[in-house]
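Asks: Predicted model follows, preceded by the sequence.
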Amino acid sequence: MDAKMLLGADRAHSLAMFAAVVEQGSFSAAGRLLGLSPSAVSRTIDRIEARLGVRLLLRSTRALSITAEGQAYLQAARRILADLDDAEQQIADQGAPRGRLRVSAALSHGRLCIVPLLGEFAALYPHILVDIALTDTVIDVAAGQADVAVRFGLLADSTLTARRLGETRRLIVASPDYLARFGEPQVPEDLHRHNCLNFNFRRAEPVWPFLRDGREFALTVKGNIEANNGETLGQLAAIGVGIARVGAFSVAQEIAEGRLVPILEEFNPGDVEIIHAVFVGGATTPARIRAFVDFLAARLSRSIAGPAT
C-alpha cells in the first residue's frame, strides 16, 4: 500500500474514532468500544486537532464537550463514513448479490409465470431474500414501494428504467365441450351467437379486434360474465361457460392439456402485450436488482409468447 493509501486509511480510522468519542462521551468509553486504550484514543484526537489547527473537543475532569468546529467536523465525519459504507456495500453486492428484493407483479402473471421461477432464482442467489407481492394495483416504484415491478402494455413516461422481458399474444379460446354444444365459430361475426366472456377493467371495452384480407376491424361482443384477469376468464372458458379472449400465458396449461383450444386463428390480428420489468436504474442499481431482471429476461422471453400464428 502506497503512502497516499496509508494516509487515507489512517484518516478514515481517525474519523471513526472521533465520532466514537463524541457518541460515547469519553475517551475510555470510546476505547472500550474500539478495543483501544484511553491514551491511544486521546493521542489520535490530539493529532487531528494539531493537523487542523483548531480545538474540536473541550476536556475537563468531569466531561467532554464539543466545540462548534468539532460539531462541523463530526457532521463531515459521519457523512464520509456513511459514503464509505455505501461504497463497500455496492462492491459487496457486485461480488455476491444479497439483501431484500421487493418484487411486485400482477396476480395472474405472477402466479403463473413468475412464482414458478423463484425456486430456481433462490438456488442461484441464496443471499437474496425475495419479497414478492402479487397485486393488480399499480404500485409506485419511484417512491420506493418496490424494487422491481413487472408490468404489461404501454408504460407511462417516468424516470424509471424499463427492461423488456417478453411479450404475450392474445388468443380466442373455448373448450371442446362448449364447441361441441354450441358449434365452432367459423368467422368473427359468428361470435354474435355466443357467450363471450370479457374483462371488467374501466378501460376495457367489449370489442375484439380481427384481421381479414389484410385489414383490421373490431367486433362488439357480449357475454354474461366479466372478470378482472385472464386466468379467471380462461378457467371459465375451460369449464364450458363461454368463449374468452386472453393472453396466451394465462391459458397455456389448459391448451397444453386439451381443455381449451384456440379458435378463429386465421383472423387473429397478431396483437401482443409487451411485458417490462420497471426499476430505478443507474450506476448504483444494486446487484440484486440487476440479477433478478436479467434472470426474468432470460426465462420469460422464451416462455410466455404463446403459440405462433
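Replies: Structure received.
Asks: Quick check: mean pLDDT of the longest helix belonging to the chain?
Replies: Taking DSSP state H as the criterion, the chain has its longest helix at helix 68-95. Per-residue pLDDT values over helix 68-95 give a mean of 79.
Asks: Give me the buried positions along that helix.
Replies: Residues of helix 68-95 classed as buried: Gly70, Tyr73, Leu74, Ala77, Arg78, Asp93 (neighbour count, 16 or more other CB atoms under 10 Å). To be clear about C-beta, it is placed using only N, CA and C from the backbone, and glycine gets the same treatment.
Asks: Grab the CA positions of stretch 24-32 and hand them over as PDB.
Replies: Taking C-alpha atoms only, stretch 24-32 is exported to PDB below (Å, rounded to 0.1, in the frame of the first residue of the first chain):
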ATOM      1  CA  GLN A  24     -19.700   7.600  23.800                       C
ATOM      2  CA  GLY A  25     -19.000  10.700  25.700                       C
ATOM      3  CA  SER A  26     -15.400   9.900  26.900                       C
ATOM      4  CA  PHE A  27     -12.100   8.500  25.700                       C
ATOM      5  CA  SER A  28     -12.300   5.500  27.900                       C
ATOM      6  CA  ALA A  29     -15.800   4.500  26.600                       C
ATOM      7  CA  ALA A  30     -14.700   5.000  23.000                       C
ATOM      8  CA  GLY A  31     -11.600   3.000  23.700                       C
ATOM      9  CA  ARG A  32     -13.600   0.100  25.100                       C
END
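Asks: So which residues make contact with that stretch?
Replies: 17, 20-21, 23, 33, 36-42, 45, 63-64 (CB atoms under 8 Å, 6 or more residues apart in numbering).
Asks: Which of those fall in strands?
Replies: Leu64 (DSSP state E).
Asks: In the contacts of stretch 24-32, which has the lowest confidence score?
Replies: When the contacts of stretch 24-32 are compared by pLDDT, Ala63 scores lowest at 78.
Asks: Nearest spatial neighbour of it, chain-adjacent residues omitted?
Replies: Gly25 (7.2 Å; CB to CB, 6 or more residues apart in numbering).
Asks: what about that neighbour, neighbour count?
Replies: By the measure other CB atoms under 10 Å, the count of residues near Gly25 is 12.
Asks: show me the contacts for Arg47.
Replies: Counting by CB under 8 Å, 6+ apart, Arg47 has contacts Ser14.
Asks: Cheers, nothing more for now.
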